[in-house]
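[1] fold the following for me, if possible:
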Amino acid sequence: MSEACTSRELMIYTISRLLKGVRHVAVGQSSPMPAAGAMLLRALNERDGRERVQVSILGSVKHNSFTGGAEELFDCAAQGRLDAFFLGGGQIDGQGNVNLVGTGDYPNNPVRWPGSFGSAYLYFLVPRVILFREEHSLRSLVERVDFVSAPGVTDETVYRRGGPHALLTNAALFSFEREAGRFRLQSTHRGYDWRDIRATTGFAYDNEQCEATTPMPDETTLALIRGRIREELRECYPQFAGNMPGPG
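    As a prediction, the model looks like this:
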């Protein structure tokens, strides 16, 4: 019997489910779990004879067809050739706004983060943007972000084909209802219930008393994560891969 599925393995599997149907997914640097989820979808599609998935991981040599880095990524998004991307953030609020700049009043933020880079651009152009935050807490999931790096909703007069699709944390999965401009709780992960999520989420959302549990990977999929996916991750995320459980 293999070791029980870890929280990170559940998140990797959930990412692969959120990506179903995409043809091309890109992952930014320093995003090992989104990268693993994209790799898992690619491997599952290959195994099951489904459509090939192109995975582009910035900073990777083996898993990246771009030769011009972020410039090519932005061109690809503008041309409609990128189906999914991931955004994190120091703060995320109930309208899907993301803060990558810092806490407090800009420009005198007492805490500064790396910056917005191309997040707003990609948020407007990529149809399926998955918000990802391993920490589920009142300080990260806030009522209103201190600075809007990338807005989750915009006026209907603004052309926009991209936007938030889901929010995944270490405790729960939310979908984003674009017409309502707010999140809906879809499921809680093993070890949590809806009360835990309500107590640690700073914004309002729909389906508050959700009883659904996030599906776990079966033994075959778990073995794939601990085998092929773990080895593929070593090229760009050696430390993360080294800390993952290996094959049973």
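
[2] can you count the residues close to Y159?
    Neighbour count for Y159, taken as other Cβ atoms under 10 Å: 8. Every C-beta, even on glycine, is put in place using the N, C-alpha and C of the backbone.

[3] need phi/psi at it.
    Dihedral pair for Y159: phi -70, psi 130, per degrees, to the nearest 10.

[4] which strands or helices does the lengthiest helix in the chain pack on?
    For the chain, the helix with the greatest residue count under DSSP state H is helix 32-48. Secondary-structure packing of helix 32-48 (3 or more Cβ pairs under 8 Å, 6 or more residues apart in numbering; DSSP states H and E): helix 7-18, strand 24-27, strand 54-57, strand 128-133, helix 219-224, helix 230-233.

[5] for the ones you listed, give me a markdown table that also has mean pLDDT and distance to Q95.
    Below are those laid out as a markdown table (pLDDT from 0 to 100; distance: least, Cβ to Cβ, whole Å):
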| stretch | mean pLDDT | distance to Q95 |
| --- | --- | --- |
| helix 7-18 | 98 | 20 |
| strand 24-27 | 96 | 24 |
| strand 54-57 | 95 | 28 |
| strand 128-133 | 97 | 12 |
| helix 219-224 | 96 | 34 |
| helix 230-233 | 96 | 33 |
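
[6] okay, these, which one's buried deepest?
    Highest mean neighbour count among the helices and strands packed on helix 32-48 (mean count of other Cβ atoms under 10 Å): strand 24-27, with a mean of 25.

[7] packing partners of that one?
    Packed next to strand 24-27, using 3+ Cβ pairs under 8 Å, 6+ apart, are helix 32-48, strand 54-57, helix 70-78, strand 84-87.

[8] starting at the chain centroid, how far to that strand?
    Centre-to-centre, strand 24-27 and its host chain are 11 Å apart (Cα atoms, centre = their mean, to the nearest Å).

[9] what's in contact with it?
    Residues outside strand 24-27 that contact it (Cβ atoms under 8 Å, 6 or more residues apart in numbering): 19, 34-35, 38, 41, 53-58, 73, 76-77, 81-86.

[10] from these, list the buried ones, please.
    19, 34-35, 38, 41, 53-58, 73, 76-77, 82-86 (16 or more other Cβ atoms under 10 Å).

[11] you'd agree L224 is up against L44?
    Yes - under the criterion of Cβ atoms under 8 Å, L224 makes contact with L44 at 7.3 Å.

[12] got the angle for the longest helix of the chain vs helix 7-18?
    60 degrees (axes from the mean of the first three to the mean of the last three Cα atoms, to 10 degrees).

[13] put the alpha carbons of helix 32-48 into CSV.
    What follows is helix 32-48, C-alpha atoms only, in CSV (Å, rounded to 0.1, in the frame of the first residue of the first chain):
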residue,chain,number,x,y,z
PRO,A,32,6.3,24.0,-9.0
MET,A,33,2.8,22.8,-8.1
PRO,A,34,1.1,24.4,-11.1
ALA,A,35,3.9,23.0,-13.3
ALA,A,36,3.3,19.5,-11.8
GLY,A,37,-0.4,19.8,-12.4
ALA,A,38,0.2,20.7,-16.0
MET,A,39,2.6,17.9,-16.5
LEU,A,40,0.1,15.5,-14.9
LEU,A,41,-2.6,16.5,-17.3
ARG,A,42,-0.1,16.0,-20.2
ALA,A,43,0.8,12.5,-18.9
LEU,A,44,-2.8,11.5,-18.3
ASN,A,45,-3.8,12.6,-21.8
GLU,A,46,-0.9,10.6,-23.3
ARG,A,47,-1.9,7.6,-21.3
ASP,A,48,-5.5,7.7,-22.2
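
[14] give me the neighbour count for D218.
    11.

[15] phi and psi next, for it.
    phi -80, psi 180.
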